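> Sequence and computational prediction follow.
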Amino acid sequence: MNDQEAVRIDELRTRPDELRKLFLFEALTPEQLEWVAAHGEVERYAQGAAVIREGDPATCFYVLLEGTLRLTRQVRGSEIEINRTGQRGVYTGATQFVLAERQPDQRYMQTVYALTDCALFQLPARELGDRFREWFPMATHLLEGLFEGGRNIRQIVEQRERLLALGSLSAALTHELNNPAAAAARATASLRERVAGMRHKLALLAKHDIDPNLLEKLIDVQEDLVKRVADAPQLSAVESSDREDELTDWLDEHGIAEGWDMAPSLVPAGITVRDLDGIAESVGDAFVNTALRWLTYSLETETLMGEIEDATSRISNLLAAARQYSQMDRAPYQRVDVHQGLDSTLVMMARKIGPEVRVVKEYDRSLPPIPAYPGELNQVWTNLIDNAVSAMDRKGTLTVRTTATEDGCVQVEIADTGAGIPKENLERIFEPFFTTKPMGEGTGLGLDISYKIVVNRHHGDLRVTSRPGDTRFQVILPVQEQTRASEG
């Protein structure tokens, strides 16, 4: 640029006719151009200088006059270039100056560097906003409505998205809790009957003036059989059927009525014909019927108590998973093991994932804990897993993988074997309201919300690669605590 051109650029402040050559100002009236010329000034920046920095108060509106600019955003603690331009007349900085009155604490959304020596025309954002509202009242109302209305709609839909996800998870949790609760109730009712039967048979033994030594021996046999319940070998259906037939034949031969009803209770405890011979030899023919029925009730009681224990443990595990998932009674920001959140999310979504999806967990348990908002990360895992399951039409393999990146970050990968994401959709996948699901099945905000949680809240990165049969969403999170991210 020669000296004459430099003078012309510097005179933009006093020569409105030069401002009119910029596409942004070409339709202004002479009076409006006079105001712009009087209130703006030319600023020069040497190559490599920062024009504005992301996060600083948005005080100025800039128009490029000469040179090339480079725009960056903070991602995972690093500056990522998002654009560069040398087009004369492009603008940056406080681009939402129209809202300065309603939102006085606006911040620059990116950092802008001078890639070459640059000249920019600078206007104060608040004064420009006031004047713009005065010059173009209708346009101002339309822009305010666009910004505010869009933001409100987004907030409402995001809230609705969260409520729908919460409702779906609550329904799934209720269903999962109902199964073990019902099993425990059934087992408790059966246990009551068996205990009553034991009391009855014990009373019969007492009425026959059974020898105390024999009763003590019978109790020892009972204790031995009860202990064997937990260690009894697992039999196939055919093996169980054969064993039941053998026991039924033995019971019939010894005159014990309804032996076919007793055998199914004896087989799971590992009782054999040899065991029955030993019991008959110990108590004698007079007491074998009553003794065996009493022992059968004892075995059934032990089995039912095991079922109740399994059911209540299942309920406790589900509640623990729900508590971990919701991060109830925990600090919102803390160091966490990502595997805990992934496991609790998988438990909460088990019903939605369904039986035809094979879940593969490939965890690197050596990964360090990370500073995070765990409740929000669980929402990310929920969105990504839900998308993966939907992409496979609930049939295929879901892989949840954790690894360390080359720069020491934690990477969580959610992979599916679905049809893949078309190339033309990959660039738009994180856009708000963009969805490929049928009308009414998706809001298009799940991935947008996830992106904001990962990038804005955790200074991380969210990426996606896709080809038929292999789609992978990768969440990268820093191990070292970063400056707290914004709420946006």
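Sure thing, it's come through.
> what about stretch 258-276, how long is it end to end?
Start and end residues of stretch 258-276 are separated by 16 Å (CA to CA, to the nearest Å).
> From Gly89, how far off is the residue most central in space within the chain?
Closest to where the C-alpha atoms of the chain average out (CA atoms, centre = their mean) is Trp381, at 2.2 Å. Between Trp381 and Gly89 the distance is 45 Å, computed by CB to CB, to the nearest Å. (Glycine included, C-beta is placed from N, CA and C.)
> picking that back up, what about the residue nearest to the centre of the chain, which helix or strand?
Counting by DSSP states H and E, the element that carries Trp381 is helix 374-391.
> What are the boundaries of the helices in the stretch 251-400 of the chain?
259-266, 273-283, 285-326, 338-348, 350-353, 374-391 (DSSP state H, counting those that start in this stretch).
> so which of those gets nearest Leu128?
Among those, helix 374-391 comes nearest to Leu128, with 36.4 Å by CB to CB.
> Can you check what angle separates the closest one from helix 285-326?
110 degrees (axes from the mean of the first three to the mean of the last three CA atoms, to 10 degrees).
> Quick check: mean pLDDT of helix 374-391?
Here helix 374-391 scores 88 as its mean pLDDT.
> cool, and stretch 123-136?
On average, stretch 123-136 scores 86.
> Contacts for that stretch next, please.
Contact with stretch 123-136 is made by 32, 35-36, 39-40, 58-63, 93-94, 97-101, 106, 139-140, as judged by CB atoms under 8 Å, 6 or more residues apart in numbering.
> Check which residues of it are buried.
Leu123, Pro124, Ala125, Arg126, Leu128, Gly129, Arg131, Phe132, Arg133 (16 or more other CB atoms under 10 Å).
> Isn't Tyr297 up against Arg194?
Yes. With contact defined as CB atoms under 8 Å, Tyr297 and Arg194 form a contacting pair (5.0 Å).
> Which of these two has more residues huddled nearby?
Tyr297 (23 against 20; other CB atoms under 10 Å).
> if I look at the more buried one, how far off is Ala232?
In this view, Tyr297 and Ala232 are 17 Å apart by CB to CB.
> what does Ala38 give?
95 Å.
> And these two? Which one has more around it.
Ala232 (15 against 11).
> check contacts around that one.
Neighbour list for Ala232: Pro268, Ala269, Gly270 [criterion: CB under 8 Å, 6+ apart].
> got the residue ranges for the strands in the stretch 1-150 of the chain?
All strands of the stretch 1-150 of the chain, identified by DSSP state E, counting those that start in this stretch, fall at 41-45, 50-52, 60-66, 69-75, 78-85, 91-93, 111-114, 118-124.
> Below-threshold pLDDT in the stretch 201-350 of the chain: ranges please.
201-218, 226, 228-231, 316-331 (pLDDT under 70).
> Skip the chain neighbours and tell me the closest residue to Gly86.
Thr68 (3.8 Å; CB to CB, 6 or more residues apart in numbering).
> actually Gly89, not the one I wrote
Leu22 (4.4 Å).
> The one you found and Glu66 touch, don't they?
No. The pair Leu22 / Glu66 is not scored as a contact, 11.5 Å apart, by CB under 8 Å.
> Identify the contacts common to these two.
Arg88.
> Could you report the neighbour count for Val195?
For Val195, the count of nearby residues is 15 (other CB under 10 Å).
> host element of it?
For Val195, the host element (DSSP H and E) is helix 137-207.
> Tell me what angle whichever strand or helix holds Val412 forms with helix 338-348.
Val412 is part of strand 410-416, with elements assigned from DSSP H and E. Orientation of strand 410-416 against helix 338-348 (the same axes, to 10 degrees) gives an angle of 30 degrees.
> Sort out which residues of the helix or strand just after strand 410-416 are buried, please.
Downstream of strand 410-416, the next assigned helix or strand under DSSP H and E is helix 423-426. When neighbours are counted by 16+ other CB under 10 Å, no buried residue of helix 423-426 is found.
> On the C-terminal side of helix 423-426, identify the next helix or strand.
Defined by DSSP H and E, the subsequent element after helix 423-426 is helix 446-451.
> Show me what that following helix is packed up against.
Contact here means 3 or more CB pairs under 8 Å, 6 or more residues apart in numbering; DSSP states H and E; on that basis helix 446-451 packs against helix 137-207, helix 374-391, strand 461-467.
> hey, C-alpha coordinates of stretch 242-257 in CSV?
The C-alpha coordinates for stretch 242-257 follow below in CSV (Å, rounded to 0.1, in the frame of the first residue of the first chain):
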residue,chain,number,x,y,z
ASP,A,242,-33.4,-86.6,34.3
ARG,A,243,-32.5,-85.8,38.0
GLU,A,244,-36.1,-85.0,38.8
ASP,A,245,-37.3,-88.3,37.3
GLU,A,246,-34.8,-90.2,39.4
LEU,A,247,-35.9,-88.5,42.6
THR,A,248,-39.5,-88.9,41.8
ASP,A,249,-39.1,-92.7,41.2
TRP,A,250,-37.2,-93.0,44.6
LEU,A,251,-40.0,-91.1,46.4
ASP,A,252,-42.7,-93.2,44.8
GLU,A,253,-40.9,-96.4,45.8
HIS,A,254,-40.7,-95.2,49.4
GLY,A,255,-44.4,-94.4,49.5
ILE,A,256,-44.1,-90.7,49.6
ALA,A,257,-47.1,-89.1,47.9
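> Give me the residues contacting that stretch.
235, 259-260, 262-264, 266-267, 271-273, 276, 280, 285, 288-289, 292.
> State the distance from the closest residue to Gly259 other than its chain neighbours to Glu300.
Spatially, and ignoring its direct neighbours in sequence, Gly259 is nearest to Leu251 (2.8 Å; CB to CB, 6+ apart). As defined by CB to CB, Leu251 lies at a distance of 16 Å from Glu300.
> Thr72 too?
Applying CB to CB, the value for Thr72 to Glu300 is 71 Å.
> who's more crowded, these two?
Neighbour count, other CB under 10 Å: between Thr72 and Glu300, Glu300 has more, with 24 against 19.
> residues contacting that one?
Counted by CB under 8 Å, 6+ apart, Glu300 has contacts Ser190, Arg194, Ser265.
> I'd like those residues laid out as a markdown table, including distance to Tyr45.
Formatted as a markdown table, the contacts of Glu300 follow (distance: CB to CB, whole Å):
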| residue | distance to Tyr45 |
| --- | --- |
| Ser190 | 82 |
| Arg194 | 87 |
| Ser265 | 87 |
